[in-house]
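Peer 1: I'd like to go over a predicted model; first the sequence, then the structure.
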Amino acid sequence: MISPLKARNLHRDLGYFYIGLIISFAFSGILMNHREHWHPEKYTVETKAIAVKLPPEEEISEKYAEELGKKLGIDDKIRRHNVKKGTFKISFEKHDVEIDMETGKGEIVSFVKTPIISQTMKLHKSTSNWWIYYSDIFGLSLITIAFTGAIMIPAGKFTFKKRGWKLALAGLIIPLLILIFV
């Protein structure tokens, strides 16, 4: 068994080492929880009115959508296009285009990634092998921090044996209940 002093030292050093990552993960986790409400990875920079002459709907193809995007000054990759309820829509990586089929009037909405927030969320969702292994080590370190925190107070009424286990159990039961009932 590890001594309380060694537990305290390990707890402190791992905590110091991972403080930036803990804050980054906590921050990006909060943002990820609410991404459907405010789309933090897209930030509207500009909305520009346009007027174009469109061909009949049956002549609109992906190639036409790409060429129209280039004519409108859009040079990023096309994602999809469609005509729905009289509106021609083209979605690019950094732009959305909507044009009324009858009038040819529409708009281009340009997006950029929100600085810092977007990069933090990218880390949270990363699937690179290097990042996954680093995150696994981080997860194991958090488990170590939890255990060393539980045993670093050697005596008294606030030890893990006397009081801490009840709080730890409550902290475990809440996510389990959410998994079961939500």
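Peer 2: Everything's here; your move.

Peer 1: from here on, contacts and neighbour counts on C-alpha atoms
Peer 2: Will do.

Peer 1: can I assume residue 49 is in contact with residue 110?
Peer 2: No: here residue 49 does not reach residue 110: they are 11.5 Å apart, not a contact under CA atoms under 8 Å.

Peer 1: Tell me which of the two has more neighbours.
Peer 2: residue 110 (19 against 13; other CA atoms under 10 Å).

Peer 1: Could you pull up the contacting residues of the closest residue to the more buried one other than its chain neighbours?
Peer 2: Excluding the flanking residues, the one nearest residue 110 by CA to CA, 6 or more residues apart in numbering is residue 95, at 4.5 Å. When contacts are counted by CA atoms under 8 Å, 6 or more residues apart in numbering, residue 95 touches 74, 76, 108-111.

Peer 1: and whatever helix or strand residue 6 lives in, what does it pack onto?
Peer 2: Using DSSP states H and E, residue 6 sits within helix 4-33. Secondary-structure packing of helix 4-33 (3 or more CA pairs under 8 Å, 6 or more residues apart in numbering; DSSP states H and E): helix 117-125, helix 129-151.

Peer 1: Taking helix 129-151 as reference, get the angle to the first one.
Peer 2: With axes from the mean of the first three to the mean of the last three CA atoms, to 10 degrees applied, the angle from helix 117-125 to helix 129-151 works out at 80 degrees.
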